[in-house]
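Colleague: A structural model of the following input is requested.
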Amino acid sequence: MNPSELRGIVIATLQGIAPEVEAARLRDDLPLRRQVDLDSMDWLNFLLGLNKALGVEIPEKDYARLTTLAALLDYLQHKLSERSAS
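Modeller: Numbering: from 1, shown residues only. Okay, the predicted model is just below:
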């Protein structure tokens, strides 16, 4: 999956939780939860939605690493690459 496709899936999943999110206004370098005002339950639902959409397990121990959109995309790309290499 190329980075553009992955970003589209992440944004669509995010908009499924927070329909008011405007993709064009999201910044890759700012904390994602603050940009879209997700509470902890919405954040968890977002990560579960990514698991469902991508088939990527995101262990709770990794949640703290997923602060920005860029960090999340890098993490998911790495997980997808690991899965395809197996």
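
Colleague: Leaving out sequence neighbours, find the closest residue to Ala12.
Modeller: Ala53 (7.8 Å; C-beta to C-beta, 6 or more residues apart in numbering). C-betas here are computed from N, CA, C, even on glycine.

Colleague: The one you found - how many residues pack around it?
Modeller: Neighbours of Ala53 under the rule other C-beta atoms under 10 Å: 14.

Colleague: Helix or strand: which one has it?
Modeller: When secondary structure is defined using DSSP states H and E, the element that contains Ala53 is helix 40-54.

Colleague: buried set for that helix?
Modeller: Of the residues in helix 40-54, those scored as buried under the neighbour-count criterion (16 or more other C-beta atoms under 10 Å) are Trp43, Asn45, Phe46, Leu47, Gly49, Leu50, Leu54.

Colleague: Also stretch 10-18?
Modeller: So, applying 16+ other C-beta under 10 Å, buried residues of stretch 10-18: Val10, Ile11, Thr13, Leu14, Ile17.

Colleague: residue ranges with poor pLDDT in this protein?
Modeller: Within the chain, the ranges that satisfy pLDDT under 70 run 86.
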